[in-house]
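>>> can you look at this prediction? I've put the sequence above it.
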Amino acid sequence: MSERFEVSRATVREAYRGLIDAGVLTRSRGVGTFVTGVPHRHSLDLNLSYTEMIRDAGFAPSAKVLAISVREADDHEREALKLERGAEVLAVERIRLADETPVVYSQDRIPYSLIPSGELTGPFGSLFTYLRSMGFDARTARTRLLPVLAEGAVAKHLQVDPGTPLLFFDELDFDQTGRPIIISYEWHASNVFELWINRRAP
């Protein structure tokens with residue numbers, strides 16, 4: 001691999017280590033390194049577009065937009081997004097689907113000042129892609145994870161029974177300059193993906 005790609009052996013070892021951490025490869029001492037054959041595991045330490053994640057897992061991604069509005073930011077949104085009092089946010093409510101199966105219900109908040117005039121409409125299949133097209137590339141995120149039970153509108157949107165366990169994400173994404181650009185509240189069903197956290201010793 002080092003000769004083929006004209007890189008050092010240390011670079012190849014680091015690439016393998018990343019693939020092993022992500023669950024794509026597995027290493028057996030004295031035997032070799034093999035592809036795991038588990039395509040639907042996704043590492044929570046990677047900040048991925050769900051459109052890309054769904055596509056990479058072999059499903060057809062789509063999004064159903066439930067609501068789009070522009071409104072004044074509330075106290076939490078102003079603090080998280082570093083907005084002045086009276087500033088507005090673009091609020092988008094969507095269901096993400098994999099082969100027409102609901103997998104994520106989300107509520108997203110973007111500073112309206114980032115949206116060029118006349119650019120409010122759009123497919124919103126990937127808000128990361130939408131923001132990147134305007135020069136705001138989501139590079140890092142801070143996410144709080146909570147186990148919750150489906151109820152009310154969330155259960156209805158994800159087409160699961162009330163009381164079904166879900167994973168809730170409360171996430172704030174930052175662009176390449178460290179500017180907060182999007183708040184996301186997400187409820188994940190577990191019927192399509194396994195979400196993993198990769199850990200290593202310090």
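Here it is on my side, so go on.
>>> show the average pLDDT along stretch 134-142.
Over the span of stretch 134-142, the pLDDT mean works out to 88.
>>> elements contacting the helix or strand encompassing F34?
Assigned by DSSP states H and E, F34 belongs to strand 32-35. Applying 3 or more Cβ pairs under 8 Å, 6 or more residues apart in numbering; DSSP states H and E, we find strand 32-35 packed against strand 25-28. No exception for glycine: its C-beta is placed from N, CA and C like everyone else's.
>>> tell me the buried residues in the strand it packs on?
L25 (16 or more other Cβ atoms under 10 Å).
>>> give me the element E186 is part of.
Applying DSSP H and E as the criterion places E186 in strand 180-188.
>>> just the C-alphas of that strand, formatted as CSV.
Provided in CSV are the C-alpha atoms of strand 180-188 (Å, rounded to 0.1, in the frame of the first residue of the first chain):
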residue,chain,number,x,y,z
PRO,A,180,-21.6,28.5,15.4
ILE,A,181,-23.8,28.0,12.4
ILE,A,182,-26.5,25.5,13.2
ILE,A,183,-28.4,24.0,16.1
SER,A,184,-29.9,20.6,15.6
TYR,A,185,-32.4,18.6,17.7
GLU,A,186,-32.6,15.1,16.4
TRP,A,187,-34.5,12.0,17.3
HIS,A,188,-33.0,8.8,15.8
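>>> sheet-wise, list the partners of that strand with their directions.
strand 101-111 (antiparallel), strand 165-174 (antiparallel) (DSSP bridges).
>>> need the winner for burial among these.
The highest mean neighbour count among those, using mean count of other Cβ atoms under 10 Å, belongs to strand 101-111: a mean of 21.
>>> picking that back up, can I get the strands paired with strand 180-188 in a markdown table including mean pLDDT and distance to E186?
Formatted as a markdown table, the strands paired with strand 180-188 follow (pLDDT from 0 to 100; distance: least, Cβ to Cβ, whole Å):
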| stretch | mean pLDDT | distance to E186 |
| --- | --- | --- |
| strand 101-111 | 94 | 5 |
| strand 165-174 | 94 | 4 |
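>>> of all those strands, which one comes closest to A201?
strand 165-174 (25.5 Å; Cβ to Cβ).
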